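Asks: Sharing a model prediction with you, sequence too.
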Amino acid sequence: MRQKKEQLIITFSTTSQAMCMEKYCLDKGIKGRLIPLPAEISAGCGLAWKTEPEAQQELKQELLQAGIGWETMEIRNL
């Protein structure tokens, strides 16, 4: 059985926001990946960005500067 660990999960209202996030992070070399929305989280589009919890403050600033909207940003055990 896989052991759960803390992950930063960012959810989006729309698929286009999630795709913008993926492109932005790939272009900037920001770690993380787009995943299907975990069942225990309810949010808009069904996609989420998963990365290390330590990246939360940096990512929040990056997304605000880039104008990329998100729905929630929280640390979860996944």
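Replies: Thanks, I have the structure now.
Asks: any idea where the helices of the protein begin and end?
Replies: Using DSSP state H, the helices of the chain run over 15-28, 56-66.
Asks: which other helices and strands contact the longest one?
Replies: This means helix 15-28. strand 33-36, strand 47-51, helix 56-66 (3 or more C-beta pairs under 8 Å, 6 or more residues apart in numbering; DSSP states H and E). For every residue, glycine as well, the C-beta is placed using N, CA and C.
Asks: Tell me which of the helices of the chain lies nearest to C45.
Replies: When the helices of the chain are compared by C-beta to C-beta, helix 15-28 sits nearest C45, at 4.7 Å.
Asks: Average pLDDT for the closest one, rounded please.
Replies: The pLDDT scores in helix 15-28 average 96.
Asks: give the contact list for the residue lying closest to L47 once chain neighbours are set aside.
Replies: Closest residue to L47 apart from its sequence neighbours, by C-beta to C-beta, 6 or more residues apart in numbering: A18 at 4.0 Å. With contacts defined as C-beta atoms under 8 Å, 6 or more residues apart in numbering, A18 is in contact with 12, 34, 45, 47-49.
Asks: Kindly recompute the last result at 6 Å.
Replies: 12, 45, 47 (C-beta atoms under 6 Å, 6 or more residues apart in numbering).
Asks: Tell me the one of the residues you listed nearest N77?
Replies: When the contacts of A18 are compared against N77 (criterion: C-beta to C-beta), the nearest one is L47, at 19.7 Å.
Asks: Could you tell me how many residues sit around G29?
Replies: Here the number of neighbours of G29 (other C-beta atoms under 10 Å) works out to 6.
Asks: err, L37, not the other one
Replies: 17.
Asks: Likewise for Q3?
Replies: Q3 has 5 nearby residues by other C-beta under 10 Å.
Asks: could we number from 12 for the rest of this?
Replies: Yes, from this point I'll number from 12; that puts the last item at Q14.
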